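[1] Need a 3D model of the sequence below.
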Amino acid sequence: MTTIHTLVLVLHVLVGAMIVGLVLVQRGKGAEAGAAFGAGASATVFGAKGSANFLSRSTAVLATVFFATSLGLAYLGGQRPVVQSLIQQNETTPAVQPAPPTGAAPTPQESPAPAAEGGGAAPEPAPAGSK
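    This next block holds a predicted model:
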């Protein structure tokens, strides 16, 4: 998961929890009849009608953010690379030969260059195209 995917997922979970909290705080439709007869609704911070508007608008904004994060998570989830199976990965990966054990005799492919007569270095071949 990428960092942006993780951040959007965390935001999505937080917004979901806040929506649940706001819905539980709101009153149902049946509570309006009691408020009409002065059942203490005027003692709220936002007034008799102000809290309902604030809570419903907050829920609508959070629902919009929740919808947007849902779409973002769907888009980010579709961007993942396709993972090959282990069998397909082994078919495409070239085989690696193990290193020879320490102190083993060199194989014919790793034979040392023959030393030049007289103890000097072996003459190097001339570059191609030179006379």
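[2] Do a quick rundown of the helices in this structure.
    Taking DSSP state H as the test, the helices found in the chain are 3-25, 31-36, 50-78, 86-92.
[3] hmm, which helix or strand of the protein has the shakiest average pLDDT?
    The helix or strand of the chain with the poorest confidence is helix 31-36; it has a mean of 58 (mean pLDDT, DSSP states H and E).
[4] Tell me where the model's unsure across this structure.
    1, 29-51, 80-84, 88-96, 100, 104-126, 129-131 (pLDDT under 70).
[5] switch the cut-off to 80
    1, 27-52, 79-131 (pLDDT under 80).
[6] Could you report the separation of A68 from L11?
    Using Cβ to Cβ, to the nearest Å, A68 is found at 10 Å from L11. In short, each C-beta sits where N, CA and C put it, glycine included.
[7] got it, and P127?
    P127 sits at a distance of 64 Å from L11 (criterion: Cβ to Cβ).
[8] out of those two, which sits in the busier spot?
    The neighbour comparison of P127 against L11 (other Cβ atoms under 10 Å) goes to L11, with 16 against 6.
[9] How many residues are close by the nearest residue to that one once chain neighbours are set aside?
    In space, and not counting its chain neighbours, L11 is closest to T69: 5.6 Å by Cβ to Cβ, 6 or more residues apart in numbering. Counted with other Cβ under 10 Å, the neighbours of T69 add up to 20.
[10] Would you agree T69 is in contact with V13?
    No: using Cβ atoms under 8 Å, T69 makes no contact with V13, being 9.1 Å away.
[11] show me what contacts the closest residue in space to H5 that isn't next to it in sequence?
    Excluding its sequence neighbours, the residue lying closest to H5 (Cβ to Cβ, 6+ apart) is L76, at 4.6 Å. Counting by Cβ atoms under 8 Å, 6 or more residues apart in numbering, L76 makes contact with 2, 4-5, 8.
[12] Go again with 10 Å.
    By Cβ atoms under 10 Å, 6 or more residues apart in numbering, L76 lies in contact with 1-2, 4-6, 8-9.
[13] With respect to A63, which of these is nearest?
    Proximity of the contacts of L76 to A63 (Cβ to Cβ) peaks at V8, which lies at 16.4 Å.
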